[in-house]
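[1] need a structure here:
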Amino acid sequence: MRYKKELSEKNKIRNELQKEHDKLKKRLTELSLEVGKSLCGENKFPVDVLAMSINSTKTAIENIDKKIAECDRALEEKSEVISKLDYYYEQFITWANEFDKATQEQRKMIICQLIDEINVICLM
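    Residues are numbered from 1 along each chain as shown. Model prediction:
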């Protein structure tokens, strides 16, 4: 349950980052259009100011892309852990059910498969 909760939180963070990424891409497109307007004399902003804004937006997009890639890796790792946990849990439950249904001799055999050695230490 803990891993599924962490997976859900990572998905939420990734979605927020994706929304921010989309917003920055839209802003970059708008700034590029403003440069065209400025070159035609239809805009009040100088091209230098628009170029600085475009560069800062591109840098922000690159940073968000890195964070999204980190989230994707974390999500993949968490998903892999969850799938392994499910497999081992099912295997454990199967063994527990078999042990409950087993005869005394079968239980001894199962225990011998699970335990390699027992050390007894006497403290006196």
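[2] could I get the contacting residues of the residue nearest the centre of the chain?
    When C-alpha atoms, centre = their mean is applied to the chain, the residue found nearest the centroid is residue 75 (2.1 Å). Listed by C-beta atoms under 8 Å, 6 or more residues apart in numbering, the contact set of residue 75 reads 7, 10, 11, 14. For every residue, glycine as well, the C-beta is placed using N, CA and C.
[3] ok, which stretches of this protein are helices?
    Using DSSP state H, the helices found in the chain span residues 2-39, 47-101, 104-114.
[4] distance to residue 124 and mean pLDDT for those helices - can I get that in CSV?
    Putting those into CSV (distance: least, C-beta to C-beta, whole Å; pLDDT from 0 to 100) gives the following:
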stretch, distance to residue 124, mean pLDDT
helix 2-39, 44, 87
helix 47-101, 35, 86
helix 104-114, 28, 85
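[5] could you dump these to a markdown table with distance to residue 121?
    Conversion of these to a markdown table gives the following (distance: least, C-beta to C-beta, whole Å):
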| stretch | distance to residue 121 |
| --- | --- |
| helix 2-39 | 36 |
| helix 47-101 | 27 |
| helix 104-114 | 20 |
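[6] identify whichever of those helices lies nearest to residue 120.
    Distances from residue 120 to each of these were compared by C-beta to C-beta, and the smallest falls on helix 104-114, at 16.0 Å.
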